[in-house]
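S.K.: would you be able to build a 3D model of this:
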Amino acid sequence: HVQLVESGGGSVQAGGSLKLSCAASGPPSSNYCMGWFRQAPGKEREGVATIHKYGITTYADSVKGRFTISRDNAKNTVYLQMNSLKPEDTAMYYCAARYGVCSGVFAYWGQGTQVTVS
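M.R.: Next up, the predicted model:
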């Protein structure tokens, strides 16, 4: 099974930047679609960005142009660079993995890292 550990969250002022990391252990993450999701208090979890094993990316409309997902398969790590942060980006951010393509249920999840934008 893939195990995921997120890091890089924190508190930042609006307009600032943060870079989240997701370290994967277990099977090579290169065979997996990796995604970032977030959940704000009182709201449903939403997808933020995904990256296919071949590097194809998708983004939620709310973060397009501000967030960038990337992966380093040699390090089994996925990143989420977040720029021009807004208070509405405040949420717990989760890394997730799914074997193969990005469509469908993500089977593996990290514990999350908190991002707070004031």
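S.K.: please report the distance of Glu88 from Ser21.
M.R.: For Glu88, the distance to Ser21 (CB to CB, to the nearest Å) stands at 23 Å. Where C-beta positions appear, they are placed from N, C-alpha and C, glycine not excepted.
S.K.: these two: who's more crowded?
M.R.: Ser21 (17 against 10; other CB atoms under 10 Å).
S.K.: and the more buried one, what's its pLDDT?
M.R.: For Ser21, the pLDDT comes out at 98.
S.K.: so where do the strands sit in the protein?
M.R.: For the chain, the strands defined by DSSP state E cover 3-7, 10-12, 18-25, 32-39, 46-51, 57-59, 67-72, 77-82, 91-99, 108-109, 113-117.
S.K.: just the pLDDT for Val78.
M.R.: For Val78, the predicted pLDDT is 96.
S.K.: quick one: contacts for the residue nearest the centre of the chain?
M.R.: Central residue of the chain (CA atoms, centre = their mean): Trp36, 2.4 Å from the mean position. Contacts for Trp36 (CB atoms under 8 Å, 6 or more residues apart in numbering) come out as 20, 22, 47-50, 69, 78, 80, 93-96.
S.K.: same thing but 6 Å
M.R.: Counting by CB atoms under 6 Å, 6 or more residues apart in numbering, Trp36 touches Val48, Ala49, Leu80.
S.K.: cool, and Arg45?
M.R.: Phe37, Gln39.
S.K.: for it, give its distance to Phe106.
M.R.: 10 Å.
S.K.: right, and Ala60 touches Arg38 too?
M.R.: No - judged on CB atoms under 6 Å, Ala60 makes no contact with Arg38 at a distance of 9.0 Å.
S.K.: more neighbours: those two, which one.
M.R.: Set side by side, Ala60 and Arg38 show more neighbours around Arg38, with 23 against 15, by other CB under 10 Å.
S.K.: so what's the more buried one bridging to?
M.R.: Beta bridges link Arg38 to Glu46, Tyr93 when assigned by DSSP bridges.
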